[in-house]
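Asker: need coordinates for the below:
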Amino acid sequence: MRFRFASVLLVAAALTACVSSPNPEAEKRAKAWRMVNNTTDVTVVGENRLRLISDTPFAAGGDEMEKAMLLRAAGEAIDRDYPRFSIVYVDYHQRGIGGWFGPDLGDSTKRWIGTYEDLLSARDRADLDGSLDSPFGFKSMDVVIRLLAEDEEPTRAAFSTEAIFENLIDDRIDRHNLQANPRVAIPKLKTPNIFKRNR
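Answerer: Residues are numbered from 1 along each chain as shown. Sure thing, here's the model as predicted:
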């Protein structure tokens, strides 16, 4: 009888563990992060420097590429406990619809970029043929990220690691309508009440 009762409890505990699903919000964030990892590549090039390459599929604009780059940079900075970061070098490469047989019209900029407005200005300067704003064409960007401690370069504008990460991960979830994986509902078994006496 004891063996049977223990078996029932073990089966009930196992089924309860199967029914309890992971956090759906965390699952959506993990999907968004995997998407970013698939379009970006990071190399450590110094104690507080990262080289990051971001590219887009054919049917995506420059905005998508830049958001993926910023989100990856923020995630890498969080992983290394840096609260801020800036872009100290950016090089855009683009090939519009008719650009497969023409030259790469990218341009490189070595400067301090610490706000989204500065990044858009750098893109405008590099967008010689308008293809970075086009929704079609293969694009990539090569950047060097400088990771910043809280008290480092306090008078210069810099991206806030947590704010960038939270805003852009939520933006990616919304724009791509990412959902948690559906779960199969398993009925719960009633465990016997060992304190109830038969009368």
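Asker: contacting residues for residue 54?
Answerer: 39, 40, 65, 66, 68, 69, 72, 140, 141, 143 (Cβ atoms under 8 Å, 6 or more residues apart in numbering). Where C-beta positions appear, they are placed from N, C-alpha and C, glycine not excepted.
Asker: so the chain: which segments form each domain?
Answerer: 1-21+183-199, 23-175 (automatic domain parsing).
Asker: wait, residue 65 sits on residue 141?
Answerer: Yes - because the distance of 5.9 Å satisfies Cβ atoms under 8 Å, residue 65 is recorded as touching residue 141.
Asker: common neighbours of those two, please.
Answerer: Here residue 65 and residue 141 have 54, 55 as joint contacts, going by Cβ under 8 Å, 6+ apart.
Asker: compare those two (neighbour count), which wins?
Answerer: Counted by other Cβ atoms under 10 Å, residue 65 and residue 141 do not tie: residue 141 has more neighbours, with 27 against 23.
Asker: for the helix or strand harbouring the more buried one, name the packing helices and strands.
Answerer: Assigned by DSSP states H and E, residue 141 falls within strand 138-148. Strand 138-148 sits against strand 49-55, helix 62-79, strand 84-95, with contacts defined as 3 or more Cβ pairs under 8 Å, 6 or more residues apart in numbering; DSSP states H and E.
Asker: so residue 87 touches residue 116, yeah?
Answerer: No - between residue 87 and residue 116 there is no contact under Cβ under 8 Å: 10.6 Å.
Asker: nearest residue to residue 66 other than its sequence neighbours?
Answerer: Excluding its sequence neighbours, the residue lying closest to residue 66 (Cβ to Cβ, 6 or more residues apart in numbering) is residue 119, at 6.1 Å.
Asker: in its sheet, what does the strand holding residue 141 sit against?
Answerer: Here strand 138-148 is paired, per DSSP bridges, with strand 49-55 (antiparallel), strand 84-95 (antiparallel).
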